[in-house]
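[1] can you look at this prediction? I've put the sequence above it.
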Amino acid sequence: MLTRSDDLDILLTVVDSGGFSAAADTLNIQVARVSRAVSKIEQQLGVTILNRTTRRIELTDEGRQFVESVRTGLLQLQRAEDELVSRGELPQGRLRVDAASPFVFHQLVPLMNDFRQAYPDITLELTSNEGYVDLLEKRTDVAIRIGKLNDSTLYARPLGKSALHIVASPAYIAHRGAPQKVADLSNHELLGFTEPKVLNQWPVKGREEITPNISSSNGETLRQLALSGNGIACLSGFMINDDLAAGRLVSLLNHDKINVADREQVNAMYYKSSTVARRISAFIEFIQPRLTL
């Protein structure tokens, strides 16, 4: 083998972060070390992997194929080592979990203290991505996703369902009134998502898609906007159940709601061949009965 795994790991970080300086910051090493590692790989292989300009880096065709193979190979190597180390013991090692930020805030964060006590040798990394994330590219072990699934290469472990609610604050309702029928929404301030647009298809009769007066890519931002009386939003129960119970938000148009079960499904996604399965299983089996969806 011509190249070293630590140099290859640096190369992947350069590609994922988009530059040498960003990779150095991520890895907490000097930029010169990053540059040397990439140059060394190119010299050893006799091929240019990255085209560099003053403003950006870009993979060559050969580099793109090489990076894809390296990413898969290093992941398999890491998982093989982890599996060997963890045999006969409580699960241990790093577990990288990704979920939309509202799910992290409202569902995962409250469980972390107890999880760490139960599995002190698992080192958790929690990341937040509001949309689809490539598990290999982002080096993620398990992703928690809400809604319809499209990626057949991943294993989906159902965690439950989180109902969608159309909600507004008591202050907003006192000021603007509550819509009595779906058509009344046209006369109200509506809060929605910038992307994906499917999230603006509210689960009510005769309303295909709303046009938001205020939009955001982040569900927690929309929750805060709704709580502050800025308008009506459609949000998942996992982030607003406490608000509904406490009266901070009020559920609207319940008699006009339609079934959108595929959008309410909550799943844990991971690769079927994952050799970090013991850590994933420990994590999922711990959180599932404690989720308040």
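    All right, it came through fine. Residues are numbered from 1 along each chain as shown.
[2] shouldn't Arg207 be in contact with Lys181?
    No. If you go by Cβ atoms under 8 Å, Arg207 and Lys181 don't touch, sitting 10.4 Å apart. Backbone N, C-alpha and C define where each C-beta goes, glycine included.
[3] the more surrounded of the two?
    Counted by other Cβ atoms under 10 Å, Arg207 and Lys181 do not tie: Arg207 has more neighbours, with 18 against 12.
[4] which helix or strand contains Ser215?
    strand 214-216 (DSSP states H and E).
[5] please report phi then psi for Asp184.
    Note on Asp184: its backbone torsions stand at phi -70, psi -20 [degrees, to the nearest 10].
[6] now do the strands in the protein.
    For the chain, the strands defined by DSSP state E cover 50-52, 57-59, 93-99, 122-128, 142-146, 154-161, 164-168, 190-193, 214-216, 232-236, 250-251, 265-271.
[7] any chance of JSON lines for those, columns mean pLDDT, distance to Trp202 and mean neighbour count?
    Listed next are the strands of the chain as JSON lines, based on pLDDT from 0 to 100; distance: least, Cβ to Cβ, whole Å; neighbours: other Cβ atoms under 10 Å:
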{"stretch": "strand 50-52", "mean pLDDT": "84", "distance to Trp202": "45", "mean neighbour count": "14"}
{"stretch": "strand 57-59", "mean pLDDT": "84", "distance to Trp202": "41", "mean neighbour count": "16"}
{"stretch": "strand 93-99", "mean pLDDT": "88", "distance to Trp202": "23", "mean neighbour count": "20"}
{"stretch": "strand 122-128", "mean pLDDT": "89", "distance to Trp202": "24", "mean neighbour count": "15"}
{"stretch": "strand 142-146", "mean pLDDT": "88", "distance to Trp202": "15", "mean neighbour count": "23"}
{"stretch": "strand 154-161", "mean pLDDT": "85", "distance to Trp202": "17", "mean neighbour count": "16"}
{"stretch": "strand 164-168", "mean pLDDT": "95", "distance to Trp202": "6", "mean neighbour count": "24"}
{"stretch": "strand 190-193", "mean pLDDT": "95", "distance to Trp202": "9", "mean neighbour count": "22"}
{"stretch": "strand 214-216", "mean pLDDT": "94", "distance to Trp202": "14", "mean neighbour count": "17"}
{"stretch": "strand 232-236", "mean pLDDT": "95", "distance to Trp202": "5", "mean neighbour count": "26"}
{"stretch": "strand 250-251", "mean pLDDT": "96", "distance to Trp202": "13", "mean neighbour count": "16"}
{"stretch": "strand 265-271", "mean pLDDT": "86", "distance to Trp202": "17", "mean neighbour count": "20"}
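[8] give me the number of residues near Trp202?
    Counted with other Cβ under 10 Å, Trp202 comes out at 23.
[9] just list the residues touching the closest residue to it other than its chain neighbours, thanks.
    In space, and not counting its chain neighbours, Trp202 is closest to Cys234: 4.7 Å by Cβ to Cβ, 6 or more residues apart in numbering. Cys234 makes contact with 164-167, 192, 199-200, 202-203, 210, according to Cβ atoms under 8 Å, 6 or more residues apart in numbering.
[10] please report the distance of the closest residue in space to Met239 that isn't next to it in sequence from Thr127.
    Leaving aside its chain neighbours, Met239 sits nearest to Pro102 (4.2 Å; criterion: Cβ to Cβ, 6+ apart). The gap separating Pro102 from Thr127 is 14 Å, by Cβ to Cβ, to the nearest Å.
[11] what sits against Leu111?
    Leu111 neighbours (Cβ under 8 Å, 6+ apart): 286-287, 290.
[12] try 6 Å
    Shown in contact with Leu111 (Cβ atoms under 6 Å, 6 or more residues apart in numbering): 287, 290.
[13] against Tyr119, how distant is it?
    With distances taken as Cβ to Cβ, Leu111 is found 12 Å from Tyr119.
[14] these two touch, right, Ile214 and Leu191?
    Yes. With contact defined as Cβ atoms under 6 Å, Ile214 reaches Leu191; the gap is 5.3 Å.
[15] ok, back up a step: what's across from the residue nearest to Trp202 in the sheet?
    With DSSP bridges as the criterion, Cys234 is bridged to Ile166.
[16] the residue nearest to Met239 is in contact with Gly219, isn't it?
    Yes. Pro102 is within contact range of Gly219, at 4.2 Å (criterion: Cβ under 6 Å).
[17] who has more neighbours, the two?
    More neighbours surround Gly219 than the other of Pro102 and Gly219, with 25 against 22 (other Cβ under 10 Å).
[18] shaky segments in the stretch 151-293 of the chain?
    Applying pLDDT under 70 to the stretch 151-293 of the chain flags residues 151-153, 272-276.
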